[in-house]
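Asks: Next one to model:
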Amino acid sequence: MPRETLVRIGNGNYVIASKIVAILNPASSPMRRLREDAKNESRLIDATQGKKTRTILVLDSNHVILSSVGSDTVSQRVLQAQLDTMSEQNYLADENEE
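Replies: Got it, this is the predicted structure:
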């Protein structure tokens, strides 16, 4: 069984890659409303440690995470985590065939 892959979202914080549903830019009005709604419903996790929010992550549990790392950087890290997971699965499949 493959292990869960963690993605670094800044300031020593990590999220399980497979739990991320959306990586969003926080600049628009709908994203500000998303943040406020999550805060009012106790679903907001602020991982910025006082820094500027550069990315909003939405998880499959409907939690909203604020990150100080840019959207492009987080998306590249998620993509790399997915590629690493696929490589590991292929390696394990090849070993099982032998």
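
Asks: Going by C-alpha atoms from here, please, whenever you check contacts or count neighbours.
Replies: Will do.

Asks: Give the burial count for Arg77, as a bare number.
Replies: 17 (other Cα atoms under 10 Å).

Asks: cool, Ala27 as well?
Replies: Ala27 is surrounded by 12 other residues when neighbours are defined as other Cα under 10 Å.

Asks: which SSE is it in?
Replies: With secondary structure defined by DSSP states H and E, Ala27 is part of neither a helix nor a strand.

Asks: Local confidence estimate at it?
Replies: At Ala27, the model reports a pLDDT of 93.

Asks: What of Ser68?
Replies: At Ser68, the predicted lDDT confidence score is 97.

Asks: One more: Glu36?
Replies: 97.

Asks: quick one: contacts for it?
Replies: With contact taken as Cα atoms under 8 Å, 6 or more residues apart in numbering, Glu36 is in contact with no other residue.

Asks: any idea how far it lies from Leu66?
Replies: The spacing between Glu36 and Leu66, counted by Cα to Cα, to the nearest Å, is 12 Å.

Asks: now Ala47
Replies: With Cα to Cα as the criterion, Ala47 and Leu66 are 6 Å apart.

Asks: Any idea how far the longest helix seen in the chain is from the middle of the chain?
Replies: With DSSP state H setting the assignment, residue counts place helix 71-97 as the longest helix in the chain. If you compare the mean C-alpha spot of helix 71-97 with that of the full chain, they lie 15 Å apart, counting by Cα atoms, centre = their mean, to the nearest Å.

Asks: what's the average pLDDT for it?
Replies: Helix 71-97 comes out with an average pLDDT of 84.

Asks: how about that helix: buried residues?
Replies: Neighbour-count burial for helix 71-97, counted by 16 or more other Cα atoms under 10 Å, picks out Ser71, Val74, Ser75, Arg77, Val78, Ala81, Gln82, Thr85.
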